[in-house]
Structure formats: structure tokens, C-alpha cells
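**Student:** pasting the sequence and the predicted coordinates here, then a few questions.
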Amino acid sequence: MKKRILTGITTTGTPHIGNYLGAIKPALDLVEPDNDSFFFLADYHALIKQNNPREIEKSVKNVALAWLSSGLDPEISNFYRQSDIPEVHELTWILNCSASKGLLNRAHAYKSMTAENTQAGNDEDKAINMGLFSYPVLMASDILIFNATHVPVGPDQAQHMEMTRDIAGTFNHSYSNLLVLPEAIIQNEVSVPGIDGRKMSKSYNNIVPFLSSEKDLEKSISKIVTNSLEPGQAKDTKDCTLFQLYSFFATTDEINEMNQAYKDGIGWGDAKKKLFSIINSEISPIREKYFELNDKPNLLNDLFFEGARKVRPQAQELIGRLREALGINKIV
Ligand code: TRP
């Protein structure tokens, strides 16, 4: 069977190197003539964390441009906004009725918030909206609505993928096997670290920018936290953020050379220069393309229109079959 690759990015913030390495690049690497690909902007997911309309608009634009500048070809891959496919939300409700609450109670994002609340002596659900709680159901719907077979995601999404399979399995058990159980493709074994060593995330304020100027890239790399070993002193590559980031961009030979340089006591300043240069050489063509596309105001609206026109009938078709199975159809 033809593989159907599908993945989305939540439109909060401007994409950073972590999104590029963890989501965009691995997803685009899977595009082959024999595969179908579906790449989308999870804009309704963004409402969970963002209530500033201007920020949402800006992020949708930047995430879309990040995909396109990184090489997504809308003639080859399906490219659309989640919000342009209302059937996703119809399916979300249907799946809500198959998803057990206990399953969602165990979601990492929700659990860590309740744990924080409890620790602070607050009600465990303080400031937690239903969007956050049922986030995995909307994600399952994004995937199942288009019968995706393979979903490339970062390791932090592995649990959501298991939940998707679990929810689809429950549905299939009650009705006929109408939903395709997708496989996760976990591309990077480790999450991409940010400049402070924690997972790169806008909420930790530790990102390495992706689409900004060369100068901003250099500035953020200069801020990567290192230890106080002097040039000439041997350094350990283990648990070293700088080395980890370098490895994401380097070939095996380059990684081996850097390994040796650490043993030989490369100074942190020089190591940072090498990191800058390797990241910059990969992303400068992407940055140039981004600036070029950024000047074409109608491009995205046209692409979104066309993208939804192409894929929406498939979503409608599945919903039609589900409604029939559920008994929500013509009275006979
Ligand atoms: N949850 C994903 C993330 O934060 C984004 C996402 C939403 C997604 N829907 C999806 C990814 C469907 C893959 C498939 O990274």
C-alpha cells in the first residue's frame, strides 16, 4: 500500500531550529514519488496556548513560510490549514466519545500541569482549559481524518501517537474498521536541546532562531551555556549542548573531527564558531527563500485555498462513511 505521510506544526511562535530539525526536515525527507504527503498548520491547536489574534496570524504565516522555504513543494505535497478542514472538528467530537477520560488523564502535558498545581498547593486543574486536556483527541483527528499511515514527529509526541492508535482502535472495535491505525516515525532519538541545555522550546526562551538574520543566529549561538574549561583543556562531548547541536547538522566525518577537537581541548569560542558556520551554511539558502516569499502577500492565501480544495473532499468522504456507521444518516 502507498504510504501516506502526514504531519503538522502548531502555529505558536516563529519556527526555530528545533522545529526545523525535529519536524520540517525529517518530514520533507520522507517525500518520495511513491508516497502521498500531507503537511498542515495546526492553527486550532494554537488557541490552547495563545489568545492574541495578531500572534496567531503572524505564526501561521511564519510556519507556512518555514515549510515552503525548507523545500515543501505544494505541487507535490498537500499543504493546508487545519482550520480550513471543518470535518476535523466533527471527527474530534466523534473520537471524544471513544476516548476514555482516563487515557487523557495520563497525557504528559496535562499531568505535568496538574503536578505543578498540586505542588503549589492549588486546585489540580487550576488554569487548565479543556483544549489542553483534549489536545490529543484533536491531534488524533488531524491524523485519522486523512487515513495517514505514517506520522513523522519528535520524540515528545510519541505518547500522542499511541493515544491516536488507542482511540482509533477503540472506535474500530465498536464500529467497523473504518479508521486506519497510523505508525509514528520518531525521527530524532533525542530532542533538540536549546541554548541552556533543556529541550529547545519557545516557552523556555532558549531557542536558536531559524529564519532570522545571520547576526541573530550568531548571537544566540554565542549564548549557548558551556562549562568553564579553558582552551587547551580536554572537553567531554557527553551531555554537551553545543556538541549535540553540532551533531544534528554534521556528517559522520565532521562529528568525528569535532570529537577529536574536544579531546584536543578546542576553546568554546572556536567550537561556537564551527557550530555557527555549519548551521549557517545549511540554513542560508532557506533564509534567502524565506525573505523572498515573505514579499509575496497573496501567495499563502492562494496556497491555502488550493490546498483545502484538494484535500477536503477526502475528509468529507470519511465523515460520510463514519456517519453512516454511527447511525447519523438518512432515516429509512
Ligand atoms: N502536537 C504536534 C506538536 O506539537 C503538532 C500536531 C498537531 C501534529 N496535530 C498533529 C503532529 C498531527 C502530527 C500529526 O508538535
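**Tutor:** Arrived safely, thanks for sending. Numbering: from 1, shown residues only.
**Student:** next up, the contacts around the residue nearest to residue 74 when sequence neighbours are not counted.
**Tutor:** Nearest in space to residue 74, with sequence neighbours left out and distances taken as CB to CB, 6 or more residues apart in numbering, is residue 303 at 5.4 Å. Any C-beta I mention is one placed from the backbone N, CA and C, and that applies to glycine too. By CB atoms under 8 Å, 6 or more residues apart in numbering, the contact list for residue 303 reads 64, 68, 74, 79.
**Student:** again, but for residue 94
**Tutor:** So residue 94 contacts 171, 322, 326 (CB under 8 Å, 6+ apart).
**Student:** redo the residues you listed as JSON lines? Include neighbour count, secondary structure and distance to residue 251.
**Tutor:** JSON lines is the format used below for these (neighbours: other CB atoms under 10 Å; DSSP: H, G, I helix; E, B strand; the rest coil; distance: CB to CB, whole Å):
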{"residue": "171", "neighbour count": "24", "secondary structure": "helix", "distance to residue 251": "44"}
{"residue": "322", "neighbour count": "22", "secondary structure": "helix", "distance to residue 251": "47"}
{"residue": "326", "neighbour count": "14", "secondary structure": "helix", "distance to residue 251": "52"}
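**Student:** can you tell me how far the residue nearest to residue 74 is from residue 24?
**Tutor:** Per CB to CB, to the nearest Å, residue 303 is found 16 Å from residue 24.
**Student:** same thing with residue 180?
**Tutor:** Separation of residue 180 from residue 24 (CB to CB): 24 Å.
**Student:** do residue 197 as well
**Tutor:** Distance of residue 197 to residue 24, computed by CB to CB: 23 Å.
**Student:** look at the two and report which has more neighbours.
**Tutor:** Taking other CB atoms under 10 Å, residue 197 and residue 24 do not tie; residue 24 has more neighbours (24 against 16).
**Student:** what's the nearest residue to the closest residue to the ligand within the stretch 201-332 of the chain if we skip its chain neighbours?
**Tutor:** Residue nearest to the ligand within the stretch 201-332 of the chain: residue 201 (10.2 Å; CB to the nearest ligand atom). Among residues not flanking residue 201 along the chain, residue 194 sits closest, at 6.5 Å (CB to CB, 6+ apart).
**Student:** tell me, how many residues neighbour that neighbour?
**Tutor:** Counted with other CB under 10 Å, residue 194 comes out at 24.
**Student:** my guess is it contacts residue 207, does it?
**Tutor:** Yes: under the criterion of CB atoms under 8 Å, residue 194 makes contact with residue 207 at 5.8 Å.
**Student:** how about the residue lying closest to residue 180 once chain neighbours are set aside, phi and psi?
**Tutor:** Spatial nearest neighbour of residue 180, excluding adjacent residues (CB to CB, 6+ apart): residue 147 at 4.4 Å. Main-chain torsions, residue 147, degrees, to the nearest 10: phi 50, psi 40.
**Student:** what's near enough to touch residue 147?
**Tutor:** By CB under 8 Å, 6+ apart, the residues touching residue 147 are 4, 179-180, 314, 318.
**Student:** how far away is it from residue 268?
**Tutor:** According to CB to CB, residue 147 and residue 268 sit 49 Å apart.
**Student:** and residue 304, by the same measure?
**Tutor:** 44 Å.
**Student:** distance of residue 153 from the ligand?
**Tutor:** Going from residue 153 to the ligand by CB to the nearest ligand atom, to the nearest Å gives 5 Å.
**Student:** pLDDT weak spots in the stretch 151-300 of the chain?
**Tutor:** For the stretch 151-300 of the chain, residues meeting the criterion pLDDT under 70 lie at 188-190.
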